[in-house]
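S.K.: Please find the sequence and the predicted model below.
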Amino acid sequence: MGITKLADLVRSEAPNAISHKDISDYSGKKIALDASIIMNQFRAALNSVNGGVTLALSGLFYRTLTLLEHDIKPVFVFDGKPPAQKVATLQKRAEADGRKFTNYLGFASAQTKNCIKLLELLGVPIVQAPGDAEALCAQLVKAGAVFAVASEDMDTLPFGANILIRQLNASKDSEVTEYSLEKLLHKLELTQKEFVDLCILLGCDYCDKIPKLGPKRALVLIQNHRTIEEVVLHVKRKTHPVPQSWNYKAVRKLFLEDSKTDIPEFVWKEPDEEGLVTFLSHERNVNEERVRNRLAMFHQKRKKLREEREKNKGCKQTRMEDFFRITRKRGATVDAAESSSSKEKRPKKTK
């Protein structure tokens, strides 16, 4: 689920924090991908009776190759043991799917193991998070190990990821949406800690929220009072009853503290063609000709990319685009005052 209606709030209150780009804009960038989001996108295939796992693995195979063809360096981050604060949400989701949640220790399922094996054969780095993948993805961005996080959930922003990318689905002519945390905080006039409190008020996967408290009202309350503790003192309890045993402090700590994980040195290798054919075709019944043809196309595109780079080496003629990046728009306007943001002073906090 992520953060309830955060994307809508950003669009209405801080549109300059959003830019619309093309997948090619991320050429040469290291991008952390929340693997659980990608697996959820293939859930319909995974849950189907006939060939579901094969369809899901094929989708992951084609999508990863397309990212690599655009010279994007993906790092796939997998969930570990779910935080205690998230168990209730996971139980509800399992019930909605007609199943019982039992994976309290975060053991990799058979489907996850298949995906990991495929990614290893494709030569891309894989990281196991100690807890939620979103938290580690954000940590990788903050540490400078990757440029951005690619995820459909907005959780990575309260976790502190400077850049969040959505709709990086490798589809032809698809438009990618990029969120800047720095611009968002500046426009909303919030610190990271205050933003985390806002996200908790909006509603997240880790605790309950104050009922009937809309996103714009929650934003005004945080801007005026700065902490959940102060907000609680200024809401009408009859219309907005505060949840009993509300563990928002533990959730705040979860968002603000980095996971205790050493960041490895990432290495990308050439795909293992014969290994991929054995795994996908001989073990999973994917048509071998299709697998080999797709890999041949991949090598051809990579070769063309290298040739274009060699051709352009030493040719540093300045273009107009080097001075002015043309941002793809979708009804959003750029705040003209953004260029002077460093000169603006933040209003004093009210006590």
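M.R.: It's in. Numbering: from 1, shown residues only.
S.K.: how near is the residue of the chain most remote from its centre to residue 211?
M.R.: Residue farthest from the centre of the chain, counting by CA atoms, centre = their mean, is residue 238 at 36.8 Å. Applying CB to CB, to the nearest Å, the value for residue 238 to residue 211 is 11 Å. Placement of C-beta: from N, CA and C, glycine included.
S.K.: again with residue 120
M.R.: The spacing between residue 120 and residue 211, counted by CB to CB, is 46 Å.
S.K.: And these two? Which one has more around it.
M.R.: Neighbours per residue (other CB atoms under 10 Å) separate residue 120 from residue 211, with residue 120 holding more: 16 against 10.
S.K.: Pull the number of nearby residues for residue 8.
M.R.: Residue 8 has 12 neighbours, counted by other CB under 10 Å.
S.K.: typo on my end, it should be residue 254
M.R.: Residue 254 has 23 neighbouring residues, counting by other CB under 10 Å.
S.K.: show me what contacts the spatially most central residue of the chain?
M.R.: The chain has residue 151 as the residue nearest its centroid, 2.3 Å off, counting by CA atoms, centre = their mean. Residues in contact with residue 151 (CB atoms under 8 Å, 6 or more residues apart in numbering) are 33-34, 37, 134, 137, 164-166.
S.K.: Pretty sure residue 36 sits against residue 78.
M.R.: Yes. Using CB atoms under 8 Å, residue 36 is in contact with residue 78, at 7.2 Å.
S.K.: can you list residues touching both of those two?
M.R.: residue 133.
S.K.: of those two, who's got more company?
M.R.: Between residue 36 and residue 78, residue 78 has the larger neighbour count (other CB under 10 Å), namely 21 against 18.
S.K.: Could you verify my assumption that the more buried one touches residue 129?
M.R.: Yes. With contacts counted by CB under 8 Å, residue 78 reaches residue 129, the gap being 6.5 Å.
S.K.: burial measure for residue 22, as a count.
M.R.: The burial count for residue 22: 13, using other CB under 10 Å.
S.K.: now swap in residue 252 and tell me
M.R.: Neighbours of residue 252 under the rule other CB under 10 Å: 20.
S.K.: wait, isn't it in contact with residue 198?
M.R.: No. Contact criterion CB under 8 Å: residue 252 and residue 198 do not qualify, at 11.0 Å.
S.K.: now residue 225: how far from residue 4?
M.R.: 20 Å.
S.K.: Next, find the distance separating the residue nearest to the centre of the chain from residue 80.
M.R.: 16 Å.
S.K.: And residue 302, by the same measure?
M.R.: On the measure of CB to CB, residue 302 and residue 80 end up 33 Å apart.
S.K.: Counting neighbours, go ahead and name the busier of these two.
M.R.: For residue 302 versus residue 80, the count of surrounding residues by other CB under 10 Å is larger for residue 80: 21 against 15.
S.K.: For my notes, confirm that one occurs in a strand.
M.R.: No. Counting by DSSP: H, G, I helix; E, B strand; the rest coil, residue 80 is located in no strand; its state is coil.
S.K.: Contacts only, for it.
M.R.: Applying CB under 8 Å, 6+ apart to residue 80 gives the contacts 106, 128-133.
S.K.: By neighbour count, which of those wins?
M.R.: Most neighbours among the contacts of residue 80, by other CB under 10 Å: residue 132, with 28 neighbours.
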